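# just a sequence and a predicted model for now, questions to come.
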Amino acid sequence: MKPWHTTPMSLDKSGNLMMGDTESIRFYDFKNNKYLEKKINLPMVSCIVHDKNKNNYWFSSNINGMYHFKSDTFNNFTLIKHYFAEKNTELKSNKIMNLHFDDNDKTLWIGHYDKGVSTLTGNSEWNHYTKEETKGIAISKIFKANDKKLWIGKLDNGFMRIEKNKANKHEFKHFTKENKNLCYNTITFLSEDSEHNIWLGTFGGGVMYYNVKNDLIKCFTIKDGLPSNNVVGVLADKYDNIWCSTSDGIGLLFKNSSKFSVFNESSDFQTNYNFFASYKMPSGELLFGSQKGITIIHPDSVFQKNKNVFRPKISLIRLFNKVIQPGDPHLSSYPQYTDEITFTYFEDLLTFEFSDNNYLHPEKVIYSYKLEGFEHDWNDIGT
């Protein structure tokens with residue numbers, strides 16, 4: 001799918017994909033595989049959110065404030081109000097990076113590039129949080145987890161969690177390099193896997209994994225196979241594998257693994273993925289926008305293909321450092337054609353060699369092994 005320079009994405013009420021570019025919002029009909037003629041002319045859109053109950057749409061711009069539209073029965077869009085700082089609203093800045101609409105209390109959260117966090121309620125009441133409360137002013141992502149808590153990423157000082165206290169006031173818990181040993185303070189993106197762990201992209205420090213239950217943070221960088229430390233999107237698929245869009249392709253971290261697989265130009269993927277341009281479809285597809293268009297990932301197709309292609313075979317077995325040949329009491333045929341081999345308990349010094357018959361990109365195949373019944377985790381041994 002190759003449209004324009006793509007940034008934010010979302011679905012309209014008809015299931016069409018809305019895509020922002022440098023000049024407008026365009027619509028793509030997935031059912032008929034075509035672009036619709038209609039578009040909304042807005043400059044430098046950074047985020048799209050939808051209040052499904054009232055068919056309100058909010059579009060933010062990183063240069064021109066915020067727009068409130070409403071759609072009718074036929075999915076036609078009408079501008080209700082353009083929020084522009086120092087003109088007709090309480091908006092603090094026209095440089096808006098991210099929006100989040102909270103369906104529970106009907107509140108719109110607004111993340112500025114240079115003025116921190118504000119909220120706008122359904123009753124048109126504004127609230128502006130101070131720099132002392134947010135400990136940062138450059139907001140990159142506002143995300144609501146399954147536990148109903150808000151998580152906010154900052155480009156200038158880590159990330160924070162927001163929850164209400166007994167007095168129904170918002171309290172901020174801050175996570176920074178100084179108080180939580182973060183790998184990096186420049187947060188670009190936040191998302192969640194099915195086990196309620198938080199995944200964070202950074203610009204310069206790779207990917208961070210935050211285990212909320214155990215309050216533990218782990219970092220992944222190019223040393224772990226990530227194609228670039230400049231990460232602009234992080235999404236978990238339905239198998240809890242983590243996909244990261246970067247400035248140099250896409251990295252895939254399989255669940256319970258510690259090494260990334262890389263997809264870039266040599267894998268017929270794009271590079272130079274954009275800020276704001278990561279979206280998970282309700283049907284499970286993952287979308288990543290770049291300077292050349294959109295990469296659509298179908299996890300089921302990827303793993304069905306890999307199941308058939310990347311299947312290692314045992315190629316050689318050593319017992320006490322001596323190669324076992326076909327015809328040996330232990331082995332009637334070659335190892336790759338043998339399903340089961342039995343050893344006695346004192347034959348306990350074994351070496352296995354295995355390989356894969358993927359000749360397209362053998363340098364991209366990462367091997368892992370595990371002794372079932374003896375080990376709980378996989379051992380990554382690289383390529």
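Everything's here; your move.

# quick check: residue 133 is in a strand.
No. Going by DSSP: H, G, I helix; E, B strand; the rest coil, the assignment for residue 133 is helix, not a strand.

# nearest residue to it other than its sequence neighbours?
Excluding the flanking residues, the one nearest residue 133 by Cβ to Cβ, 6 or more residues apart in numbering is residue 172, at 5.7 Å. All C-beta atoms are positioned from the backbone trio N, CA, C, and that covers glycine.

# so which bits of the helix or strand encompassing the one you found are buried?
Element membership of residue 172, judged by DSSP states H and E, is strand 170-175. Buried residues in strand 170-175, defined by neighbour count with 16 or more other Cβ atoms under 10 Å: 172, 174-175.

# tell me the bridge partners for the closest residue to residue 208 other than its chain neighbours.
Excluding the flanking residues, the one nearest residue 208 by Cβ to Cβ, 6+ apart is residue 200, at 4.3 Å. Residue 200 forms beta bridges with residue 190, residue 208, as assigned by DSSP bridges.

# local confidence estimate at residue 200?
pLDDT, residue 200: 97.

# which residues touch residue 351?
Applying Cβ atoms under 8 Å, 6 or more residues apart in numbering, we find residue 351 in contact with 317-318, 321.

# report the buried members of the residues you listed.
residue 317.

# can you list the contacts of residue 351 in a markdown table and add pLDDT and distance to residue 341?
Below are the contacts of residue 351 laid out as a markdown table (pLDDT from 0 to 100; distance: Cβ to Cβ, whole Å):
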| residue | pLDDT | distance to residue 341 |
| --- | --- | --- |
| 317 | 87 | 7 |
| 318 | 89 | 12 |
| 321 | 91 | 17 |
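
# quick one, domains of this structure?
9-307, 313-382 (automatic domain parsing).

# of those, flag the one that's most buried.
Of all the domains of the chain, domain 9-307 carries the top mean neighbour count, a mean of 18, counting by mean count of other Cβ atoms under 10 Å.

# the residue most central in space within the chain: which element?
Closest to where the C-alpha atoms of the chain average out (Cα atoms, centre = their mean) is residue 234, at 1.7 Å. Take DSSP H and E as the rule and residue 234 turns out to sit in strand 231-236.

# got a list of what the residue lying closest to residue 95 once chain neighbours are set aside touches?
Nearest residue to residue 95 in three dimensions, chain neighbours excluded: residue 113, at 3.9 Å (Cβ to Cβ, 6+ apart). Residues in contact with residue 113 (Cβ under 8 Å, 6+ apart) are 62, 93, 95-97, 137-139, 155.

# mind running it again at 6 Å?
95, 97, 138 (Cβ atoms under 6 Å, 6 or more residues apart in numbering).

# next: residue 206.
Residue 206 touches 220-221, 226, 229, counting by Cβ under 6 Å, 6+ apart.

# same thing with residue 150?
Counted by Cβ under 6 Å, 6+ apart, residue 150 has contacts 144, 162.

# what bridges to it?
Those that pair with residue 150 in a beta bridge, by DSSP bridges, are residue 144, residue 162.

# mind checking pLDDT for it?
94.

# need the strands for the stretch 51-200 of the chain, in chain order.
Using DSSP state E, counting those that start in this stretch, the strands of the stretch 51-200 of the chain run over 56-61, 66-71, 77-83, 96-102, 107-112, 117-121, 126-128, 139-144, 150-154, 159-164, 170-175, 187-192, 198-202.
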